[in-house]
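K.L.:
prediction below, plus the sequence it came from.
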Amino acid sequence: MKTSRTITHTTGSPMVNMGPIRLRQPIPNQGIEQVDPFILLHHYGPYAISEFNNPFDLGPHPHRGFEPITLLYKGEQLHRDSLGNESIVKAGDVQWTTAGRGIIHAEGPTKEFVQTGGELEGIQLWLNLPAKDKMMPAAYQHIKSREMPVVQNSDNSISLKIVAGELNGKKGLIKTQTPVNVFMVKTGSKGMIDIEIPNNHNALVYLLNGEVSVNNEATLKKGAAQMVVFNQEGEGFQLEARKESNVLILSGAPINEKITQYGPYVMNTQTEIMEAMRDYQQGKMGFLPN
Ligand code: MN
């Protein structure tokens, strides 16, 4: 790599309360409103789920104007939506919902998983849509872990799964509306990998667990600094494992539009938020029984 990207932010992943659920929220966070086009990043769990403790069961709710994405690391979730999709998402799988003009979905641990009990851990990512695509028809994509192209470093100590976008000539299966890379990385206790990121993308590295260093400059460790955000200049960065780790790499071409978010809607103006609320009330985002 000729030039490394410089780091603009190194931050923690503070706990926030979302109703009965406590989870980590690196975006938005103090000093980081968004990393355009990524507007929200939630890291939930690992939670011990059982019949006596199952707070992460989200009933039917609407979305409009962006793409809510789930990357599941542990456990098993059932997804249902107003388009008629019903699928079981297993550890390592990704579901990518394009809310567009409106969708109603529900997700939570499967009945079987709750009965057996086990750990649930995942990432919930909100990816913005440009104004011209906010009212596109809703869509749902589910890809299984084994379907994702894999990139490995020279000694195979690090393996990277391409969910969306492209690395070293390999392409992810998810269809995106704007140029976006989503890479799920698993490292051994040692090893190094160079990651190339297109020049115009905003980019970040989020650590779920373990310990890594980035560009030999920032150390990410669970409970301490867990995310770095890069400057747009430079061709990429170097990731080095210090422990067995799970790392998420996100990059995307910025959309550069003003956004207005209210609850489950991400639009460009207040008027569009009012329209979203009205359209949901009038059933224009579809129906999903409880
Ligand atoms: Mn949702």
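P.N.:
Yes, it's here. Numbering: from 1, shown residues only.

K.L.:
tell me the mean pLDDT over stretch 85-98?
P.N.:
Stretch 85-98 shows an average pLDDT of 98 in the prediction.

K.L.:
residues in contact with it?
P.N.:
Outside of stretch 85-98, the residues that reach it under the criterion Cβ atoms under 8 Å, 6 or more residues apart in numbering are 63, 67-81, 103, 105, 107, 110, 129, 136, 138-146, 148, 161, 163-164, 174, 177, 182, 184. For every residue, glycine as well, the C-beta is placed using N, CA and C.

K.L.:
mind checking how far that stretch is from the chain centre?
P.N.:
Remark: stretch 85-98 is offset 12 Å from the chain centroid, using Cα atoms, centre = their mean, to the nearest Å.

K.L.:
pull out the buried residues from it.
P.N.:
By neighbour count, with 16 or more other Cβ atoms under 10 Å as the criterion, the buried positions of stretch 85-98 are N85, V89, A91, G92, D93, V94, Q95, W96, T97, T98.

K.L.:
check stretch 185-195 too.
P.N.:
Those would be V185, K186, T187, G188, G191, M192, I193, I195, for stretch 185-195 by 16+ other Cβ under 10 Å.

K.L.:
check stretch 145-158 too.
P.N.:
Buried, per 16+ other Cβ under 10 Å, within stretch 145-158: M148, P149, V151, N153, S157, I158.

K.L.:
identify, from those, the entry nearest to M277.
P.N.:
Distance to M277 across the buried residues of stretch 145-158 (Cβ to Cβ) is lowest for M148, with 36.7 Å.

K.L.:
who are the contact partners of the closest one?
P.N.:
M148 sits in contact with V94, K161, I162, V163, G172, L173, M184, where contact means Cβ under 8 Å, 6+ apart.

K.L.:
could you flag which of these are buried?
P.N.:
Applying 16+ other Cβ under 10 Å to those flags V94, K161, I162, V163, G172, M184 as buried.

K.L.:
okay, those in CSV with secondary structure next?
P.N.:
As requested, the buried ones among the contacts of M148 are exported to CSV (DSSP: H, G, I helix; E, B strand; the rest coil):
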residue, secondary structure
V94, strand
K161, strand
I162, strand
V163, strand
G172, coil
M184, strand
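
K.L.:
farthest pair within the contacts of M148?
P.N.:
L173 and M184 (13.2 Å).

K.L.:
which non-adjacent residue is nearest E121?
P.N.:
The spatially closest residue to E121, leaving aside those adjacent along the chain, is G45, at 3.4 Å (Cβ to Cβ, 6 or more residues apart in numbering).

K.L.:
alpha carbons of the helix or strand hosting the one you found, as CSV, please.
P.N.:
In the assignment (DSSP states H and E), G45 maps to strand 38-49. Output in CSV follows, covering the C-alpha atoms of strand 38-49 (Å, rounded to 0.1, in the frame of the first residue of the first chain):
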residue,chain,number,x,y,z
PHE,A,38,-23.8,5.1,8.0
ILE,A,39,-26.2,6.8,10.3
LEU,A,40,-26.5,4.3,13.2
LEU,A,41,-24.4,1.4,14.5
HIS,A,42,-25.7,-0.7,17.4
HIS,A,43,-23.9,-3.6,18.9
TYR,A,44,-26.2,-5.8,21.0
GLY,A,45,-25.1,-8.6,23.3
PRO,A,46,-23.8,-11.1,23.9
TYR,A,47,-27.0,-11.6,26.0
ALA,A,48,-27.9,-14.9,27.7
ILE,A,49,-31.3,-15.6,26.2
